[in-house]
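Asks: The sequence and its predicted three-dimensional model are supplied below.
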2 protein chains.
Amino acid sequence: MKKDTKSRLIDEAEILFSRNGFYGTSINDVAKKLGVSKQALLHHFTTKEKLYAAVLEEAANYLLQQLDSIKQSHNKAKKQLSEFILEISQPNDKQLRVIILLLRELLDNQERADKVSKWFLGPWLDALVGIVEQAQRDGHYEQYDPMAFLYHLLGAVQYFLISQPTLKQLYGEEAFESQKKAHMALLVNIVEHT
Amino acid sequence: MKKDTKSRLIDEAEILFSRNGFYGTSINDVAKKLGVSKQALLHHFTTKEKLYAAVLEEAANYLLQQLDSIKQSHNKAKKQLSEFILEISQPNDKQLRVIILLLRELLDNQERADKVSKWFLGPWLDALVGIVEQAQRDGHYEQYDPMAFLYHLLGAVQYFLISQPTLKQLYGEEAFESQKKAHMALLVNIVEHT
DNA sequence: AAACGAACTTACCGAACGGTAAGCAGATTC
DNA sequence: GAATCTGCTTACCGTTCGGTAAGTTCGTTT
């Protein structure tokens, strides 16, 4: 049941790319962490860009799969949305890494705007918008544009997530905990009682 | 009235750091863009980190100054907040660069959490929270925690801002324009009619 | 048992990286 | 007018970067 080197390289690259960004990560570092040579990595991916693309593809699959599992566990679109917001608000390590990767992509994509991000974000966003639209058909959030509503939620959640280390350091652990509570309360208020 | 080399280096570094991040920017590139040697840059800043710190300091000053100018133009806290949200929602080039720098800092700061970001974000956040608290004393937004409410707005605005190139490319120019309208409408709705 | 392809290894490579050392022109100070 | 300081320059350095070339090892196929 041991993972093969290729997928272990992707996992390790995901950690380092999310932590240090594309330019801040060297393929040598990735390979060394697994105890293999840099050329073993290049044997599987030929270039650094292709390794990065593999990481993004993996991240996209993760996001879509997560959404799919939520869809299967809950029938009502509104419940699906609130469950989704709840999950990404309290992410595990992997989820947090994927969110950071996503944000880095948005930043780096600022003028590049290449094709990689297209499939990385597109299907996931579309699926989410689909949920909001279904919820609207069920009679919720009707005063809002679906995409704007969704983006608003995503922005608020993800921005707070990546700010957490800074906020902790800025205001201390216990002050931060009450901030987090207030943040979650505001989120729940929007999703549940709008 | 010509700017000296040092501040021109900061300006150019701000452009490149915001576009490509810390690791994606070389001090050679920065110097070359101004037609001076790399050692001219090192003469003024001694290390790349110090150049980066100078850029962050400049960015922090810009944010605080922007806020100050809004405070002086409007008396009521609620009006100050709505004006602020409006301004950063439609940023000029410099504002956009500063916002991107800020987001990059949050991402890179994820585990580093060093002192640099402390002064970079701290006073600005405190000033903004102060405005929200004043608005609450005037009878607005009373159902929310000030920090959570502010962070919610900041997140929604900034996340949408950095997504613009990707959204344009994903859905086309005219679809994006209507998304933007819906996004602005939602924002105005929150700030004005809560 | 010969051939083969996948999964690596060691040995390199040129370019770019951040940074040091030394010098030099020109304005300022003593 | 000699010395000094500022703002640069060219020359150079060791390290690391992504990537190439050429094996080697080993299980599988023929």
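Replies: Thanks, I have the structure now. Residues are numbered from 1 along each chain as shown, chains lettered A, B, ... in the order given.
Asks: Distance of the closest residue to DNA strand D within chain A relative to A:Ile85?
Replies: Here the residue of chain A nearest DNA strand D is A:Ser26; by CB to the nearest atom of the strand that distance is 3.2 Å. C-beta coordinates here come from the backbone N, C-alpha and C atoms, glycine included. Distance of A:Ser26 to A:Ile85, computed by CB to CB, to the nearest Å: 36 Å.
Asks: which of those two has more neighbours?
Replies: Taking other CB atoms under 10 Å in any protein chain shown, A:Ser26 and A:Ile85 do not tie; A:Ile85 has more neighbours (20 against 14).
Asks: which residues touch the more buried one?
Replies: A:Leu153, A:Val157, A:Leu187, A:Val191 (CB atoms under 8 Å, 6 or more residues apart in numbering or on different chains).
Asks: quick one: which helix or strand includes the third one?
Replies: Applying DSSP states H and E as the criterion places A:Leu187 in helix A:173-192.
Asks: report the angle between the axes of that helix and helix B:173-192?
Replies: Put simply, helix A:173-192 runs at 120 degrees to helix B:173-192, going by axes from the mean of the first three to the mean of the last three CA atoms, to 10 degrees.
Asks: May I have helix A:173-192 as CSV, with CA atoms only?
Replies: In CSV, the C-alpha atoms belonging to helix A:173-192 read as follows (Å, rounded to 0.1, in the frame of the first residue of the first chain):
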residue,chain,number,x,y,z
GLU,A,173,-3.8,33.8,21.2
GLU,A,174,-6.9,34.4,23.4
ALA,A,175,-7.9,37.7,21.6
PHE,A,176,-7.5,35.8,18.4
GLU,A,177,-9.8,33.0,19.6
SER,A,178,-12.6,35.5,20.3
GLN,A,179,-12.0,37.1,16.9
LYS,A,180,-12.4,33.6,15.3
LYS,A,181,-15.6,33.0,17.1
ALA,A,182,-17.0,36.4,15.9
HIS,A,183,-15.9,35.6,12.4
MET,A,184,-17.6,32.2,12.4
ALA,A,185,-20.7,33.7,13.9
LEU,A,186,-20.9,36.3,11.2
LEU,A,187,-20.4,33.6,8.5
VAL,A,188,-23.1,31.3,9.9
ASN,A,189,-25.4,34.3,10.2
ILE,A,190,-25.0,35.0,6.5
VAL,A,191,-25.3,31.4,5.2
GLU,A,192,-28.1,30.3,7.6
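Asks: Give me the buried positions along it.
Replies: For helix A:173-192, the neighbour count (16 or more other CB atoms under 10 Å in any protein chain shown) marks A:Phe176, A:Gln179, A:Lys180, A:Ala182, A:His183, A:Met184, A:Leu186, A:Leu187, A:Ile190, A:Val191 as buried.
Asks: Same question for stretch A:133-141.
Replies: For stretch A:133-141, by 16+ other CB under 10 Å, it's A:Gln134, A:Ala135, A:Gln136, A:His140, A:Tyr141.
Asks: mind checking how far stretch A:153-172 is from the chain centre?
Replies: Here the centre of stretch A:153-172 is set off from its chain's centre by 14 Å, with CA atoms, centre = their mean, to the nearest Å.
Asks: Next, see if that stretch gets close to chain B.
Replies: Yes. Interface with chain B: stretch A:153-172 contributes A:154-160, A:162-163, A:165-166, A:168-170 (CB under 8 Å from any CB of the partner chain).
Asks: Pipe those residues into a markdown table and attach pLDDT, secondary structure and neighbour count per row.
Replies: Shown next, in a markdown table, are the residues of stretch A:153-172 next to chain B (pLDDT from 0 to 100; DSSP: H, G, I helix; E, B strand; the rest coil; neighbours: other CB atoms under 10 Å in any protein chain shown):
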| residue | pLDDT | secondary structure | neighbour count |
| --- | --- | --- | --- |
| A:Leu154 | 97 | helix | 22 |
| A:Gly155 | 98 | helix | 23 |
| A:Ala156 | 97 | helix | 25 |
| A:Val157 | 98 | helix | 23 |
| A:Gln158 | 98 | helix | 21 |
| A:Tyr159 | 98 | helix | 21 |
| A:Phe160 | 97 | helix | 22 |
| A:Ile162 | 95 | helix | 20 |
| A:Ser163 | 95 | helix | 23 |
| A:Pro165 | 91 | helix | 17 |
| A:Thr166 | 90 | helix | 22 |
| A:Lys168 | 91 | helix | 17 |
| A:Gln169 | 88 | helix | 18 |
| A:Leu170 | 88 | helix | 18 |
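Asks: for those residues, which one is nearest B:Asp11?
Replies: Ranked by distance to B:Asp11 (CB to CB), the residues of stretch A:153-172 next to chain B are led by A:Thr166 at 25.5 Å.
Asks: what is the rounded mean pLDDT of stretch A:174-192?
Replies: For stretch A:174-192, mean pLDDT is 94.
Asks: Likewise for stretch A:26-36?
Replies: Across stretch A:26-36, pLDDT averages out at 96.
Asks: and the residue positioned nearest the centre of chain A, what does it touch?
Replies: Most central in chain A under CA atoms, centre = their mean is A:Ile99, positioned 2.6 Å from the mean C-alpha point. Listed by CB under 8 Å, 6+ apart, the contact set of A:Ile99 reads A:Ile88, A:Pro91, A:Gln158, A:Leu161, A:Ile162.
Asks: Could you tell me the model confidence score at the fourth one?
Replies: This means A:Leu161. 97.
Asks: isn't it right up against A:Leu96?
Replies: Yes. Assessed by CB atoms under 8 Å, A:Leu161 is found in contact with A:Leu96 at 6.9 Å.
Asks: Which of the two has more residues huddled nearby?
Replies: A count of neighbours by other CB under 10 Å puts A:Leu161 above the other of A:Leu161 and A:Leu96, at 22 against 17.
Asks: what sits against that one?
Replies: With CB under 8 Å, 6+ apart, A:Leu161 has these contacts: A:Ile88, A:Ser89, A:Pro91, A:Leu96, A:Ile99.
Asks: next one: A:Asp145
Replies: A:Asp145 touches B:Gln179, B:Ala182, B:His183, B:Ala185, B:Leu186, counting by CB under 8 Å, 6+ apart.
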